[in-house]
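In: give me the fold of what follows.
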Amino acid sequence: MATIIDVRFADETVKAKYEILKQKFESQTSQLNQFDVATYNALTSHQAALKEAKTQYEVGGLLAGSKEAINTATESYNAALSSWLTWRNIYQGTQVGDQVAAQAKAVSDLAAVNTAVANIKQQLG
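Out: The predicted model follows:
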């Protein structure tokens, strides 16, 4: 008598265990402090908004003048991401620098991208 194994169930079980381990590992290593979490969440949200704006622009859902606003927001996003990564490296000790100054720069750059993305969201409606 042959035994039939439900491969789909086995795959889903393995996948679920992997996701649990992945979340456990990432939550312990990726969140440095509350500033880090808040900045990461804001950047992730802005990245999604920029992706949506670019898609809308490509399909003609935004005015032609929106391209400049999208480019400005993208530049602001890149600057904020870079500042945040620099701060993280300094905080973790993998880069030399002034942690307080790096955090202030990240906050300033994040404020700029907040404004730029808010302008795009107004255009999206």
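In: tell me, how many residues neighbour Thr74?
Out: 19 (other CB atoms under 10 Å). (Glycine included, C-beta is placed from N, CA and C.)
In: I'd say it and Leu50 touch.
Out: Yes: counting by CB atoms under 8 Å, Leu50 is a contact partner of Thr74 at 5.9 Å.
In: measure Gly60 to Lys67 for me?
Out: Note on Gly60: its distance to Lys67, by CB to CB, to the nearest Å, is 12 Å.
In: show me which of those two is the more surrounded one.
Out: Set Gly60 next to Lys67 and count neighbours by other CB under 10 Å: Lys67 wins out with 13 against 8.
In: which non-adjacent residue is nearest the more buried one?
Out: Tyr57 (6.3 Å; CB to CB, 6 or more residues apart in numbering).
In: the one you found: what's it in contact with?
Out: Contacts for Tyr57 (CB atoms under 8 Å, 6 or more residues apart in numbering) come out as Ser66, Lys67, Ile70.
In: any idea how far the strand or helix carrying the last one is from the middle of the chain?
Out: This points to Ile70. Following DSSP states H and E, one finds Ile70 within helix 66-92. Here helix 66-92 is found 10 Å from its chain centre; the criterion is CA atoms, centre = their mean, to the nearest Å.
In: and stretch 85-102, by the same measure?
Out: The mean C-alpha position of stretch 85-102 is separated from the chain mean by 19 Å, CA atoms, centre = their mean.
In: so, low pLDDT: which residues of the chain?
Out: Low-confidence segments of the chain (pLDDT under 70): 1-30.
In: ok, which stretches of it are helices?
Out: Applying DSSP state H to the chain gives helices spanning 7-29, 34-58, 66-92, 99-124.
In: report all helices and strands that the third one contacts.
Out: Here helix 66-92 touches helix 34-58, helix 99-124, going by 3 or more CB pairs under 8 Å, 6 or more residues apart in numbering; DSSP states H and E.
In: what are the buried residues along that helix?
Out: For helix 66-92, burial by neighbour count (16 or more other CB atoms under 10 Å) applies to 66, 69-70, 72-74, 76-77, 79-81, 83-84, 86-88, 90-91.
In: run the angle between it and helix 34-58 for me.
Out: Between helix 66-92 and helix 34-58, the angle comes out at 160 degrees (axes from the mean of the first three to the mean of the last three CA atoms, to 10 degrees).
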